[in-house]
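In: Sharing a model prediction with you, sequence too.
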Amino acid sequence: MRVLHVITGLGVGGAEQQLRLLLRHLPDVRADVVTLTNPGPVADGLASDGVRVVHLGMGGNRDLTALPRLVRVIRAGGYDLVHTHLYRACVYGRLAARLAGVRAVVTTEHSLGASQMEGRPLGAGVRALYLATERLGRTTVAVSPTVAERLRRWGVPAPRIVVVPNGVDIDRFRFDPERRRTARRRLGLSDDAYVVGGIGRLAPGKRFDVLIHALARLPADCRLLLVGGGPQETVLRRAAHRAGVADRVLFAGERPCVPDGTPGPDLPALASAMDVLASPSPEESFGLAVVEGLAAGLPVLYAACPALEDLPPHSAPGARRVTGGPEAFAAALAGLRAAGPAPRTVPPAAEHYAVTRSAARLREVYAAALAGAPRPSAPSPSLLGARSA
């Protein structure tokens, strides 16, 4: 089976890294990747895995010249199926696949929140363009039942929606005390420091400023380790200075580095170095960072996590939902610290989201799409001129 994945960009983000992880666990699927923009660090990682990556060089949301270029790439590859990821790639990729005559088109909806998608407000234009191209596909994959319900409310027919959860490599994240010691030493963290971790893009919606202000209410030996990059990094650094905790907040970056700027521990090692993972984001489509924290055996505090909300409470005994701002998170963190460390074991919730299970389910989706792919007519390319693209 030859599959082409079309994605908006390949910077460090949840959808991008999820794509790479799934391809590693689908060795029987011959896959190439097209990135419309930003062939960032994940593109390098895919290439090192032996995956062919094509950068389309799209100039912006309304760069219609990208459409015929993408059609040519799809036709030249002779693909059996096209799989699209993220809003812009879904709009252009589904149309290009149909114009190229591909048998089946599958979309994964990674980022549909209650009020926004990838930072876009969920206005009428965004919805209309999404639904106009959605009907060109065979299947829309939701990363959680919560997202599936949002898709149904949006107008995607229920029979076209399947749930394939995000996956986590449990073995990579499993706690390792030696890895913890090494990571802390390289990051300049003492063995007895209490390290609060935050993982994700440094963007306003993640609310990492809440953790900075919570840190200011905690004892001086508490540290905050933020793993990720993004447009709010400067804002967060300023917030840390204003709160008087700049020397207690460590920004590890998208590609983690140690204080001298050399490459540092990878994400699983950083998770081992943490004592608790906190996720103050109030709107998530899955909550991958929370599940990765659970896979590392960490207690987690979260504001929203559909991945856990869709499971029985007893499946993640170390997870607790926190509502409110810095005061609420500070109180919850202080309580966890006072309770002392617990064994770093993997709870059933993390095992439920093992990437091997997600990859097997995605393989079934591909087979079903190829077995019964419809051939609906394509809408006019003029649709792509809408401002909401």
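Out: That came in fine, so what should we check first? Numbers count the residues shown, from 1 in each chain.
In: how about low-confidence regions in this protein?
Out: For the chain, the stretches flagged by pLDDT under 70 are 119, 255-264, 373-389.
In: Convert stretch 72-85 to PDB, retaining C-alpha atoms only.
Out: Extracted C-alpha coordinates of stretch 72-85, given in PDB (Å, rounded to 0.1, in the frame of the first residue of the first chain):
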ATOM      1  CA  ARG A  72       1.300  16.700  -9.800                       C
ATOM      2  CA  VAL A  73       3.100  15.200  -6.800                       C
ATOM      3  CA  ILE A  74       0.200  12.900  -6.000                       C
ATOM      4  CA  ARG A  75      -0.100  11.700  -9.600                       C
ATOM      5  CA  ALA A  76       3.600  11.100  -9.900                       C
ATOM      6  CA  GLY A  77       3.700   9.000  -6.800                       C
ATOM      7  CA  GLY A  78       0.900   6.600  -7.900                       C
ATOM      8  CA  TYR A  79      -0.500   6.500  -4.300                       C
ATOM      9  CA  ASP A  80      -3.300   4.300  -3.300                       C
ATOM     10  CA  LEU A  81      -4.500   6.600  -0.500                       C
ATOM     11  CA  VAL A  82      -3.900  10.200   0.600                       C
ATOM     12  CA  HIS A  83      -4.000  11.000   4.300                       C
ATOM     13  CA  THR A  84      -4.300  14.700   5.300                       C
ATOM     14  CA  HIS A  85      -3.500  16.400   8.600                       C
END
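In: Quick one: residues in contact with it.
Out: 1-8, 15, 19, 32, 34, 54, 56, 90, 93-94, 96-97, 100-108, 110, 137, 366, 369-370 (Cβ atoms under 8 Å, 6 or more residues apart in numbering). Just so you know, the C-beta spots here come from the backbone N, C-alpha and C atoms, and that holds for glycine as well.
In: Buried among those residues? Make that a PyMOL selection.
Out: The following PyMOL line selects those of the contacts of stretch 72-85 that are buried, judged by 16 or more other Cβ atoms under 10 Å:
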select buried, resi 3+4+5+6+7+8+15+19+32+34+54+56+90+93+94+96+97+100+102+103+104+105+106+107+108+110+137+366+369+370
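In: Return the subset of the contacts of stretch 72-85 lying in strands.
Out: Members of the contacts of stretch 72-85 lying in strands (criterion: DSSP state E): 2-7, 32, 34, 54, 104-108.
In: okay if I get the residues you listed as a markdown table plus distance to Ser115?
Out: Below are the ones in strands among the contacts of stretch 72-85 laid out as a markdown table (distance: Cβ to Cβ, whole Å):
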| residue | distance to Ser115 |
| --- | --- |
| Arg2 | 38 |
| Val3 | 32 |
| Leu4 | 32 |
| His5 | 28 |
| Val6 | 26 |
| Ile7 | 23 |
| Asp32 | 34 |
| Val34 | 30 |
| Val54 | 34 |
| Ala104 | 32 |
| Val105 | 27 |
| Val106 | 26 |
| Thr107 | 21 |
| Thr108 | 20 |
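In: Quick check: the farthest pair among those?
Out: Within the ones in strands among the contacts of stretch 72-85, Val54 and Ala104 form the most distant pair, 20.1 Å apart (Cβ to Cβ).
In: can you pull the alpha-carbon coordinates of the single longest helix found in the chain into CSV?
Out: As assigned by DSSP state H, the longest helix anywhere in the chain is helix 355-372. This file holds the C-alpha atoms of helix 355-372, laid out as CSV (Å, rounded to 0.1, in the frame of the first residue of the first chain):
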residue,chain,number,x,y,z
VAL,A,355,0.9,3.5,19.8
THR,A,356,0.8,-0.1,18.6
ARG,A,357,-2.9,-0.1,19.2
SER,A,358,-3.4,3.2,17.4
ALA,A,359,-1.3,2.0,14.4
ALA,A,360,-3.3,-1.2,14.1
ARG,A,361,-6.6,0.7,14.1
LEU,A,362,-5.3,3.1,11.5
ARG,A,363,-4.3,0.2,9.3
GLU,A,364,-7.9,-1.0,9.5
VAL,A,365,-9.2,2.4,8.5
TYR,A,366,-6.9,2.4,5.5
ALA,A,367,-8.2,-1.1,4.4
ALA,A,368,-11.8,0.0,4.8
ALA,A,369,-11.3,3.2,2.9
LEU,A,370,-9.6,1.3,0.0
ALA,A,371,-12.3,-1.3,0.0
GLY,A,372,-15.2,1.1,-0.4
